[in-house]
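>>> Predicted model and sequence follow; I will ask about them next.
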Amino acid sequence: MIVYIESNFVLELALEQEEADCANEILKLAKDNLIVLSIPLFSISEPYDTVIRRGRERKKICRDFSEHLNQLYRTNKHKDIVESLMPTITALLKIETTQLNSLEQIISSILRKGRVLNLDFAVFQDSLAYQKQYSLLQQDAIIYATIINDLHYQEYSMQKVFVSKNPKDFGNPGIREELKIFNCKYFSNFLHALSYIKSQL
């Protein structure tokens, strides 16, 4: 079975979000050679942008917060409160480094046992068409076009799953129907995807 994943699978694991346990089980199935994990190249770089962007946002929040605390610290009766809050800023500023380290480990694990689907000119051209056809954001259109391109080279009889926590776009009825042509099922959460994958092994 081929299991197609994208950026939010990587982030789910790296950021230890609510469905990280299920995503980790899917990754373990790949490590045990029970499934073939496949990820578009674009989906490997995109999580870095997400983590770095959120890190910048936190830094801005921390700068603003620090300025407010410095003002409050000038009032004697607020000094204890300010001193108790300062470690929070330090902790928030460390999150980006922790998340980037985790991201590197997760991507290494995926690359060790998975397949990377390349992006070329033809796939990019297809993504432009999909962007209009399904009203996708360009990055989602690139991911979808990359997966569809790979599906063309797979045996129909082989079961395939595409899992993405982005049902607003990939849950489009037209996309679901197109995936069915290639014997590929779409799941919008990792729990349901994991349950289906296990039932088919």
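Right, received. Where do you want to start?
>>> Could you measure from the residue nearest to Leu119 when sequence neighbours are not counted over to Ile143?
Excluding the flanking residues, the one nearest Leu119 by C-beta to C-beta, 6 or more residues apart in numbering is Leu41, at 5.4 Å. Placement of C-beta: from N, CA and C, glycine included. Taking C-beta to C-beta, to the nearest Å as the measure, Leu41 falls 10 Å from Ile143.
>>> Same check on Phe65?
36 Å.
>>> of the two, who's got more company?
Each of Phe65 and Ile143 has its neighbours counted (other C-beta atoms under 10 Å); Ile143 has more, 31 against 16.
>>> who are the neighbours in contact with the more buried one?
Listed by C-beta atoms under 8 Å, 6 or more residues apart in numbering, the contact partners of Ile143 are Glu6, Ser7, Pro40, Phe42, Ser43, Ser164.
>>> of the residues you listed, buried ones?
Glu6, Ser7, Pro40, Phe42, Ser43, Ser164 (16 or more other C-beta atoms under 10 Å).
>>> Can you list the buried residues in stretch 181-200?
Phe182, Cys184, Lys185, Tyr186, Phe187, Asn189, Phe190, Ala193, Leu194, Tyr196, Ile197.
>>> do the same with stretch 35-53
35-44, 46-48, 50-51.
>>> between the residues you listed, which is nearest Leu15?
Nearest to Leu15 among those is Val51, at 7.8 Å by C-beta to C-beta.
>>> Next one: the closest one from Ile44, what distance?
13 Å.
>>> Also Arg112?
13 Å.
>>> cool, Ser108 as well?
11 Å.
>>> can you give me the offset of the helix or strand bottoming out on mean pLDDT in the chain from its chain's centre?
Within the chain, no helix or strand scores below helix 167-170, which has a mean of 87 by mean pLDDT, DSSP states H and E. Helix 167-170 has its C-alpha centroid displaced from the chain centroid by 14 Å (C-alpha atoms, centre = their mean, to the nearest Å).
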